[in-house]
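quick one: sequence and predicted model below, then my questions.
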Amino acid sequence: MYAMLVPTMTTEEVCKEIKNDYPAFYEKMLDNKASNYRKFIKAVLFPVIHQFSWKSSSGNMWNVIMLARYRNERKCPGIVPYLKYENWGMGIIYPKNIYSNLSIIDFKPHFWKRYRERQLIPNGLEGISFDEQIKYFFLNSGLFTFDFREGSNKGHEGFVGYTKTGIFFGVVIKELDYLCVKTYVSANMLFDNQIESLDSADELREKILSHPDYFQKRGKLFHIMNDSSFWMDETIR
């Protein structure tokens, strides 16, 4: 059992259940981080990863990845909490503070399908498990950067999430602090395999926004808006 979330639940019901779980889960994360602090601070080789699971009173099995990718992160390792669910494929719920609010980021099964096709398989990782896919994504993406756009999908706010290796797209339901991640496009796809390895999500964002003519010539797939924001056609899957 991954989660008590079921396909018939509404988005409102999902968000309510996640936010009910989160206070106790957050305390558990802090306790576990404190008890494993020496593992990170004494590390010599990086990245360092620590994982654990916790079952909430509602029956949801939460997972946490604590990681320090580089030596300068060892004093404050990143914490990645997530909840797996199954709904015509595997997805995850990733609660994250954005602009001081707890946002529910839902990486849909279709996102993972595209991530596997567009990032993992080209890098020879087609055989890894779903748990390993999740770990690989968060370990290699760097810190996310977000751009938001009003009314980009049936009246909802849209967004682009930038990582070191590519970008993901989706829509926002503001009143629920809910972000639905629909699909993924790798940096190699964006630049036709002409891009070198990047050091950060910000670097990819800057590279994209500094080449508006390149994307405008590629037709309807990619758009540079008047405010310099970058968007993909919402019909692209």
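Here it is on my side, so go on. This one's a predicted model, so the numbers in the text were calculated from it and none came from an experiment.

next one: the helix ranked longest in the chain to chain centre, how far?
Secondary structure of the chain read by DSSP state H shows that its longest helix is helix 11-35. Using CA atoms, centre = their mean, to the nearest Å, the mean C-alpha position of helix 11-35 is found 17 Å from that of the whole chain.

check contacts around the closest residue to Lys164 other than its chain neighbours.
When the adjacent residues along the chain are set aside, Lys164 lies closest to Gly142, with 4.1 Å between them (CB to CB, 6 or more residues apart in numbering). (Each C-beta comes from the backbone N, C-alpha and C, glycine too.) Taking CB atoms under 8 Å, 6 or more residues apart in numbering, we find Gly142 in contact with 69, 163-164, 199-201.

if we can go back for a sec, got a list of contacts for the next helix or strand after the longest helix of the chain?
The first helix or strand that comes after helix 11-35 along the chain, using DSSP states H and E, is helix 37-41. Applying CB under 8 Å, 6+ apart, the external contacts of helix 37-41 come out as 48, 50, 66, 68, 74-75, 77.

repeat the analysis, applying 10 Å as the threshold.
The contact list for helix 37-41 (CB atoms under 10 Å, 6 or more residues apart in numbering) reads 33, 46, 48-50, 66-68, 73-77.

out of these, which is nearest to Gly170?
Nearest to Gly170 among the contacts of helix 37-41 is Leu67, at 23.7 Å by CB to CB.

specify the beta-bridge partners of that closest one.
When assigned by DSSP bridges, Leu67 has beta-bridge partners Ile49, Gly78.

you'd agree it is up against Cys76?
No - Leu67 lies out of contact with Cys76 (CB atoms under 10 Å); the separation is 11.2 Å.

of the two, who's got more company?
A count of neighbours by other CB atoms under 10 Å puts Leu67 above the other of Leu67 and Cys76, at 19 against 10.

contacting residues around the more buried one?
Leu67 neighbours (CB under 10 Å, 6+ apart): 40, 46-51, 73, 77-80, 135, 138-139.
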